[in-house]
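*Asks:* Okay, predicted coordinates and the sequence, questions at the end:
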Amino acid sequence: MSDSDIKGLKKVLARQAKHDEKNLQRARQDLAKVEKAYNKSKKDTAKARDELQKTLKQQATTSKDLESAHKKQTKAAETLRKVEDTYQEKRHHESLRFQDVEKVQEQMSESYRVKAANDQDRERQKASAYISMRRQQVAEENSNSDRGPVTSFAPPADNGVQS
């Protein structure tokens with residue numbers, strides 16, 4: 001090989017080396033960019049994992065709160081049902097007592113009517129007894145005296161008959 005061939009070969013080899021060096025430099029730059037992107041991706045993944053854990057914790061808390069609220073709602077619904085049943089029972093009891101009051105009021109009204117009727121009958125009986133007694137007294141007086149029939153009619157003093 002001649003000097004010129006060696007020079008040409010050196011040039012070709014230098015160009016190849018330069019070209020390889022540029023390719024290597026580009027590869028280093030690409031590697032730096034990819035590593036930077038990878039590190040950013042790792043940070044984003046860690047952030048997303050933290051956000052996921054935070055959200056899972058919130059979801060668990062919310063589920064517990066929801067379960068607690070559901071239990072409270074169920075208990076309140078049961079209490080409401082019991083109170084409504086008690087209310088209906090009390091209303092029924094009140095209705096029965098009101099019917100009792102009406103029945104006793106009717107009985108009392110009937111008792112007043114019977115008493116008034118009996119009072120009238122007693123007054124009639126007393127008046128009839130008084131008239132009969134007075135007629136008997138007059139008849140006795142007429143039979144005991146010769147003066148003739150008595151025309152005055154005066155009520156007797158209290159003779160023991162009460163009104």
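*Replies:* That came in fine, so what should we check first? Numbers count the residues shown, from 1 in each chain.
*Asks:* In which helix or strand does the most centrally placed residue in the chain reside?
*Replies:* In the chain, the residue lying closest to the centroid (CA atoms, centre = their mean) is residue 80, at 4.1 Å. Using DSSP states H and E, residue 80 maps to helix 3-144.
*Asks:* tell me what that helix is packed against?
*Replies:* With contacts taken as 3 or more CB pairs under 8 Å, 6 or more residues apart in numbering; DSSP states H and E, helix 3-144 sits against no other helix or strand. All C-beta spots, glycine's among them, are computed from the backbone N, C-alpha and C.
*Asks:* got the buried residues for stretch 67-78?
*Replies:* Residues of stretch 67-78 include none that count as buried (16 or more other CB atoms under 10 Å).
*Asks:* distance between that stretch and the chain's centre?
*Replies:* 13 Å (CA atoms, centre = their mean, to the nearest Å).
*Asks:* which intervals of the protein have sub-threshold pLDDT?
*Replies:* Within the chain, the ranges that satisfy pLDDT under 70 run 146-163.
*Asks:* And the residue of the chain most remote from its centre, how far from residue 115?
*Replies:* Each residue of the chain has a distance to the centre, and by CA atoms, centre = their mean the biggest one is for residue 2: 111.9 Å. To residue 115, residue 2 is 163 Å away according to CB to CB, to the nearest Å.
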